[in-house]
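Participant: here's a sequence, model it:
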Amino acid sequence: MKYFHEQIEAKWQKYWAENQTFAASNNSEKPKYYVLDMFPYPSGAGLHVGHPLGYIASDIVARFKRHKGFNVLHPQGYDSFGLPAEQYAIQTGQHPDTTTKENIARYREQLDKIGFSFDWSREVRTSNADYYKHTQWIFIQLFNSWYNNDTDKAEDITTLISIFENEGNASVNAVCDDNIAPFSVSEWNAFSTEEQQKILLQYRLTYLAETEVNWCPALGTVLANDEIVNGVSERGGHPVIRKKMTQWSMRISAYAERLLQGLDTIDWSESIKESQRNWIGKSVGASVDFKLKDSDKLISVFTTRPDTIFGVTFMTLAPEHELVSQITTPEQKAAVEAYVEATAKRSERERMADVKTISGVFTGAFAEHPFTKEPIPVWIGDYVLAGYGTGAVMAVPCGDERDYAFANFFKGTHGMPEIKNIFNQDISEAAYGEKGGFELVNSDFLNGLGYKDGTKKIIEELEKIGQGKGKTNYRLRDAVFSRQRYWGEPFPVYYVNGLPQMIDAKHLPIVLPEVEKYLPTEDGQPPLGNATIWAWDSVNCSVVSNQLIDNVTIFPLELNTMPGWAGSSWYWMRYMDAHNENEFASADALKYWENVDLYIGGSEHATGHLLYSRFWNKFLKDRGYVPTEEPFKKLINQGMILGMSAFVYRVYCHTSSIKKQTANYTDNTVRGIFSSNILVSKKVASELEKVGINGFEMETDLYSKIQELLIEQIRLANLNFVDNETKYGEEISSFLTTPIHVDLSCINDITNELDIEAFKNHQLYSDYKDAEFILEDGKYIVGREVEKMSKSKYNVVNPDDICNDYGADTLRLYEMFLGPLEQAKPWNTAGITGVSGFLKKLWRLYFDDNSGLNITNDEPTADMYKSLHKTIKKVTEDIENFSFNTSVSQFMICVNELAQMKCHHRAILEPLAIVISPYAPHIAEELWSQLGHEGSISTVDFPICEEKYLVESEKEYPVSFNGKMRFTIKLPLDLTVSQIQEIVMADERTIKQLDGRTPNKVIIVPGKVINLVG
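Facilitator: Residues are numbered from 1 along each chain as shown. I've put the predicted structure just below:
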């Protein structure tokens, strides 16, 4: 009976689906284990072999835990809102929902084919109204909450209103907007309803504010910092500018300290923790207020070095700081405005990363030193960010390298004084940035003090004069929560006189409306501005036509939608109770499952999804909706599977005197470049690259052939030479090659030979239908290079192809075999045949190709037991330590050993099927069934290693003569030294080696070595 993976895998995938084998229960006496993969976005491209890596690892753990007696929740769903579907809708007019559903169907088909043990009964999609109904509900709870610093948690907004009604706001210790005006009880009660709402907006955990945002004109939306790469949008590579817009924001900054402290309680990699620590960016120092000369305005700064205040030489504001336009003098207005405009075209990340460029403009304004009252010039510079601290810095060039470089760069210009030195250290060559080893000088009452004493003293003095205080600051900014796009969660918000009102939760969901166009409106409104049925009837509590808006009972709805991270910031909780229509999850389900025990996904989400999820989880705990502080106990970041790209090599030549320009030819004045239609094999390309301009060093015939083809193509391109008398060949000064990515369908992945006809006929390479191919040994061999697996590099390997050709179990084992889960590793289809062969070898332990099942009930030998229990021990330890690759190696060793021992023993092969089941579930199910068992193998108890089978009873000793090993001998380990010596001396091989001599000394170390000397 032969192994046919197609039939076996189809059979068991159907069985699992029909029997809901992996459905988890919310009412079980078993201990729970919740394993989760990061939410996939269903792209149109489908899965490539890199995507399932983490899913396979999590599935192995899920299956192992079921074997170990756990009630395992291993769900899957789709983060189905997103820009790609919307961009496709803009291009084609097809509704994003249609595209998304088609993509999900494709994903599901691929995932099922790989044999994952997902509980599909709990599938969720963030774009379904029955899901985002709860996202809208959570938004409403955030709106109706404030953060009480005294209790260090979020509370219902009604508790804050009660304080205002009884005490005013003087004693309120909240995370809120800056510079909120104080008011008394009588003043609060005298405020109009609108005035009270405006004040409350300054305290709410989600609020409307004019914010400096990353605006992408091409995508028509705001982007988060983590959605920008190298100054352009991650999606599409479009330019991003900074601009001010009224946006919804989330007060995540309220949780900065708890987000930091919580990192010590979770089992995450140190690199991810450090990324979050840096992103949160805790700093301890002081806030200082500098008065502006001839003005009632203040410049507030935060500094970690208040002890250096007497070294302040100038001040720098972020170009987008609100004071810039107010304080700039007429003389400096043009220069300042030009600088502000230029800065708006650079992202915050780009500005932070650019440490070499020095730029800035003097505003013409001066601040006043808090103690000396000396004037301090105020500059703007793009190294200061409006979103960090206060958007202003007190520049102390003697103690900061960046300030030092800035001051020296603008030295001698209007508005830049000489650098003040306040350290008893030399700063003629560089700033002194250390926090120790100095005494302060030229610092009035701080003279003679160091960093610690100086900091303490200056904060005391600043507080005395009312111009500063000690403060802890965080780099973490409140998260912008609005997107100017269609395909996202609608806000449950309508506006009365411009102020936001929440729609009552009982009327949720507010469903995304139909629109004719997915682009912004002609007057710049978001795409929802195109909707005709998008107004709120506050009497009948329903969405009605925009034409009925009267601002009396019918009001406009919010036109923005929520960002992509909204739905993914709580989805793991929905899996706990996916069909609950009234709550995002019941209290019982949340209490039972608590949080995710194992979370697997990419490290690229460190400062996005992983941070927002922790924020929402902490908020929901504060409000009493969830029982745990952290969402994910253990996090593993899987590495990337890299693609093995293939290349053909196109010849181009430098020409010294061509004067006519065509499509194939570009003129760079000194000489031209002619791109030919000649493709050379890898070896030929390597030779060309070696010799370069000295082309004549190549094999004469080959060089001449390439040269002749080039000359002919130049003639056909109708290029004229300056000197018509000169031979064409003499005008070619050199020729080289440029690599071109080749779709993997055009090559033999094992031999690397190009299928020339397939290449010519491929739609991507229509330009090369008439190309000349220069071969090596009669074949065109492509170049190979390891790169990120990507559609644009044509190096994507479809897992469907692997499953069809080799089987899903082979794919699962091979991906684990490639290397440690966390590391990047290259894919090589050629290597998969070894794993495929291993499964066939495993099958033959159970079956004879001709007679069928070949199993005996005889008692196994000690060596058989030893091989099995070594494997049980190794695999158990590996799964518990997430070292999956070494388990696959152990499987191969075990099967080879059992095959050599001709093992067909039920007592060995039954537990072996269970042990391999988490890795190769289809073949394991079939083996279990053929062995006579009913039902699925998936919950059968995992075998336990019995150490008695691993105890070594014999040792194969190396026997040496004068230090040189001549033979080995296997002896029982319980022999004494004299017994060992007696056996060795009587051995014929020893007698032959000694040839009648008596050794001077016999060295025996029991269990290790035997050495006869002399």
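Participant: could you find the closest non-adjacent residue to residue 302?
Facilitator: Here the nearest residue to residue 302 in space, its sequence neighbours aside, is residue 389; by CB to CB, 6 or more residues apart in numbering that works out to 4.3 Å. Using the backbone N, CA and C atoms, a C-beta is placed for each residue, glycine as well.
Participant: parallel or antiparallel, list what pairs with the longest strand along the chain.
Facilitator: The strand spanning the most residues in the chain, taking DSSP state E as the definition, is strand 641-655. In the sheet, strand 641-655 lines up against strand 672-680 (antiparallel), strand 732-742 (antiparallel), strand 783-788 (antiparallel), strand 825-826 (parallel) (DSSP bridges).
Participant: turn these into TSV, including mean neighbour count and mean pLDDT.
Facilitator: TSV is the format used below for the strands paired with strand 641-655 (neighbours: other CB atoms under 10 Å; pLDDT from 0 to 100):
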stretch	mean neighbour count	mean pLDDT
strand 672-680	21	77
strand 732-742	18	79
strand 783-788	16	93
strand 825-826	18	93
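Participant: now render these as a markdown table, adding distance to residue 347.
Facilitator: Conversion of the strands paired with strand 641-655 to a markdown table gives the following (distance: least, CB to CB, whole Å):
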| stretch | distance to residue 347 |
| --- | --- |
| strand 672-680 | 34 |
| strand 732-742 | 29 |
| strand 783-788 | 22 |
| strand 825-826 | 32 |
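Participant: nearest to residue 157, of those?
Facilitator: Nearest to residue 157 among the strands paired with strand 641-655 is strand 783-788 (47.0 Å), distances taken as CB to CB.
Participant: buried residues in stretch 507-525?
Facilitator: By 16 or more other CB atoms under 10 Å, the buried positions in stretch 507-525 come out as 508, 509, 510, 512, 513, 515, 518, 519, 520.
Participant: same thing with stretch 199-211?
Facilitator: By neighbour count on 16+ other CB under 10 Å, the buried set for stretch 199-211 is 199, 200, 201, 202, 203, 204, 205, 206, 207, 208, 211.
Participant: go on, stretch 152-166?
Facilitator: Of the residues in stretch 152-166, 153, 154, 155, 157, 160, 161, 163, 164 count as buried by neighbour count, 16+ other CB under 10 Å.
Participant: looking at the residues you listed, spot the one nearest residue 434.
Facilitator: Within these, the smallest distance to residue 434 is 39.2 Å, found for residue 153 (CB to CB).
Participant: now do the contacts for the residue lying closest to that closest one once chain neighbours are set aside.
Facilitator: Spatially, and ignoring its direct neighbours in sequence, residue 153 is nearest to residue 622 (4.1 Å; CB to CB, 6+ apart). Residues near residue 622 by CB atoms under 8 Å, 6 or more residues apart in numbering: 145, 153, 154, 155.
Participant: the second one touches residue 147, doesn't it?
Facilitator: Yes - with the criterion set as CB atoms under 8 Å, residue 153 and residue 147 qualify as a contacting pair; they are 7.3 Å apart.
Participant: where does the spatially closest residue to residue 348 that is not a sequence neighbour sit: helix, strand or coil?
Facilitator: Once flanking residues are discounted, residue 348 sits nearest to residue 385: 5.5 Å by CB to CB, 6+ apart. Judged by DSSP: H, G, I helix; E, B strand; the rest coil, the three-state class of residue 385 is coil.
Participant: may I have the phi/psi pair for residue 385?
Facilitator: With angles defined as degrees, to the nearest 10, residue 385 sits at phi -110, psi 140.
Participant: pLDDT score for it?
Facilitator: Looking at residue 385, its pLDDT is 89.
Participant: now the one 10 residues further on
Facilitator: Looking at residue 395, its pLDDT is 97.
Participant: just residue 440 next, same as before
Facilitator: pLDDT, residue 440: 97.
Participant: distance check, it against residue 396.
Facilitator: Taking CB to CB, to the nearest Å as the measure, residue 440 falls 12 Å from residue 396.
Participant: before we move on, what about residue 298?
Facilitator: According to CB to CB, residue 298 stands 19 Å off from residue 396.
Participant: which of those two has more neighbours?
Facilitator: Taking other CB atoms under 10 Å, residue 298 and residue 396 do not tie; residue 396 has more neighbours (25 against 16).
Participant: residue contacts, that one?
Facilitator: By CB under 8 Å, 6+ apart, the residues touching residue 396 are 305, 308, 309, 311, 312, 313, 403, 422.
Participant: got a list of what the nearest residue in space to the third one that is not next to it in sequence touches?
Facilitator: Sequence neighbours aside, residue 458 is the residue nearest to residue 309 in space, at 5.9 Å (criterion: CB to CB, 6+ apart). Neighbouring residues of residue 458 by CB under 8 Å, 6+ apart: 286, 306, 307, 309, 446.
Participant: re the thing from before, out of the buried residues of stretch 152-166, which is nearest to residue 880?
Facilitator: Nearest to residue 880 among those: residue 153, at 35.8 Å, using CB to CB.
Participant: who does the closest one bridge with?
Facilitator: Under the criterion used (DSSP bridges), residue 153 bridges to residue 148.
Participant: determine which two of the contacts of residue 622 are furthest apart.
Facilitator: Counting by CB to CB, the most remote pair of the contacts of residue 622 is 145 and 153, 9.6 Å apart.
Participant: just the contacts of residue 396 now: which is nearest residue 359?
Facilitator: Closest to residue 359, out of all of the contacts of residue 396 and judged by CB to CB, is residue 403, at 14.0 Å.
Participant: please identify the buried residues of the strand or helix carrying the closest one?
Facilitator: Assessed by DSSP states H and E, residue 403 sits inside helix 401-409. Residues of helix 401-409 classed as buried: 402, 403, 404, 405, 406, 407 (neighbour count, 16+ other CB under 10 Å).
Participant: give the buried residues for the helix or strand following it.
Facilitator: Proceeding N to C from helix 401-409, the next assigned helix or strand is helix 451-464, under DSSP H and E. Neighbour-count burial for helix 451-464, with 16+ other CB under 10 Å as criterion, is recorded at 451, 454, 455, 457, 458, 459, 461, 462.
Participant: and which of these is nearest to residue 711?
Facilitator: Within those, the smallest distance to residue 711 is 74.4 Å, found for residue 451 (CB to CB).
Participant: in space, what's closest to that closest one - neighbours in sequence excluded?
Facilitator: Leaving out its chain neighbours, the residue that sits closest to residue 451 by CB to CB, 6+ apart is residue 435, at 4.5 Å.
Participant: distance-wise, check the one you found relative to residue 454.
Facilitator: Counting by CB to CB, the gap from residue 435 to residue 454 is 10 Å.
Participant: so which of the buried residues of stretch 152-166 comes closest to residue 951?
Facilitator: Nearest to residue 951 among these: residue 153, at 56.5 Å, using CB to CB.
Participant: okay, which residue is most central for the protein?
Facilitator: Nearest to the geometric centre of the chain sits residue 604, at 1.6 Å (CA atoms, centre = their mean).
Participant: if anything else comes up later, I'll come back, but that's it for now.
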